[in-house]
Structures are given as structure tokens and as C-alpha cells.
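Visitor: just to be clear, the model below is a prediction. Sequence and coordinates:
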Amino acid sequence: MGKKIYLVRHCQANGQELTASLTEAGINQSLELVEFFADVLVERIISSPYHRAIDSVTPLAKEKDIPIEIDDRLSERVLSTTFFHDWRERLEQTFDDLDLVFEGGESSAQAMRRGIEVIKELLENEEEHILLATHGGLTSLILKYFQPSFRFKDWENLTNPDVFVIAYSNGELEITRLWK
């Protein structure tokens, strides 16, 4: 049958900080995720510690009666602790230079390693249907690891929420965007 890891970018939120809550639209999106996954087997839910990620999958976890596990490695990548008016341009640079790091921040390579570490551990676990709730930055870097052609423009096209599946069977890995 194979393993499926669902990578879920959080729903629309009121900000970027750890405690940022979902907007009203984000709350409605979290309920849409319940419908989206209604007929999908999910055995385990693991989330970033950020409230917007947890809140995005809480209704689904309740519906499926699955506890939400927290894994700090699914946290959003910090670009820098310095505010940049041109942060989008700087973020784009980090898609081209994975080792580029700004003051107080994390390089793309560093964030990618921690995200992939989670994926590799899950590929070794017995559960076959796992959902990860995370952020656009980390989702992009995980996708870029498996699909090096994933670029900044692809990050720009992500939605809140967004859902990808990493399907692994017979030594083959395939990534598909499920959210339309």
C-alpha cells in the first residue's frame, strides 16, 4: 500500500508570531480541512508549535479522535531577527543560495535539514498515514529538497491552507499537490 505523509500549510492567520491566531476565514478553512480529509485515513497528526498550525488541524484532530503531537522541527523558518522592508527579495535570494543566512535567522539549508529529518523518521515508522501541520516556508523547503526545481515563484503560489502528499511505495517517492 505504501506510506502517505500529508504536508499541510496552516490556514490564514493574523500574523507571523508564535501566538498568532487564525482569522475568521482561517477558522472556516480549518473546517474545510475536516471535509477535505473526511474520507482520508489519518493515523497520526504532528504539528508545529505555532498556534496557527495547531489551530488549523484541531477540528480535524477532534473529528478523527487523534491527539496532536508537537514537533519543534516543524516550526516556521526565521529569515532574520532584523526587519527588512525588502524581505521578499531577501527570501527569494535564499531559494538560490541555500546557505545564505541573515542576522538571527536560519539558512534554507538549516531549515530544510530539520524538516527532512522529520520526514525521514516518519518513513521509518510503522504508521502509514501521517499529517504534518507546518508553514509555507518550511513546506517550500521540504518540497525543494525532493524537487530541486521548486523556486521562489512556487512559494508565492502556495495558498492558506495548502495540502501536499508525499507518497512512498516500493522505494519510489512521489509528491502531489492536493489542495485546489
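Guide: Structure received.
Visitor: so where's this structure uncertain?
Guide: Residue ranges of the chain with pLDDT under 70: 1.
Visitor: top helix in it by residue count?
Guide: helix 108-124 (DSSP state H).
Visitor: okay, buried residues for that one please.
Guide: 108, 111, 112, 114, 115, 118, 119, 122 (16 or more other Cβ atoms under 10 Å). Glycine gets a C-beta too; all of them are placed from N, C-alpha and C.
Visitor: for residue 58, see how far away the first one is.
Guide: Spelled out, it's residue 108. 29 Å (Cβ to Cβ, to the nearest Å).
Visitor: so residue 103 versus residue 82, what's the distance?
Guide: From residue 103 to residue 82 the distance is 5 Å (Cβ to Cβ).
Visitor: let me fix that, I meant to ask about residue 135.
Guide: For residue 135 relative to residue 82 (Cβ to Cβ), the value is 20 Å.
Visitor: quick one, which of these two is more surrounded?
Guide: The neighbour count for residue 135 versus residue 82, taken as other Cβ atoms under 10 Å, is higher for residue 135 (24 against 11).
Visitor: what's the spacing between the more buried one and residue 81?
Guide: From residue 135 to residue 81 the distance is 17 Å (Cβ to Cβ).
Visitor: next, name the residue at the spatial heart of this protein.
Guide: Nearest residue to the geometric centre of the chain (Cα atoms, centre = their mean): residue 134, 3.2 Å.
Visitor: apart from its chain neighbours, what residue comes closest to that one?
Guide: Nearest non-adjacent residue to residue 134, counting by Cβ to Cβ, 6 or more residues apart in numbering: residue 74, 4.4 Å away.
Visitor: equivalent analysis for residue 13, please.
Guide: residue 52 (3.8 Å).
Visitor: tell me what the helix or strand hosting that neighbour is packed against?
Guide: Assigned by DSSP states H and E, residue 52 belongs to helix 51-64. Applying 3 or more Cβ pairs under 8 Å, 6 or more residues apart in numbering; DSSP states H and E, we find helix 51-64 packed against helix 24-36, strand 44-47, strand 68-70, strand 129-134.
Visitor: distance between it and the chain's centre?
Guide: Here the centre of helix 51-64 is set off from its chain's centre by 14 Å, with Cα atoms, centre = their mean, to the nearest Å.
Visitor: isn't the residue nearest to residue 134 up against residue 48?
Guide: Yes. Using Cβ atoms under 8 Å, residue 74 is in contact with residue 48, at 4.0 Å.
Visitor: which neighbours do those two have in common?
Guide: Shared contacts of residue 74 and residue 48, defined by Cβ atoms under 8 Å, 6 or more residues apart in numbering, comprise 133, 134, 135, 138.
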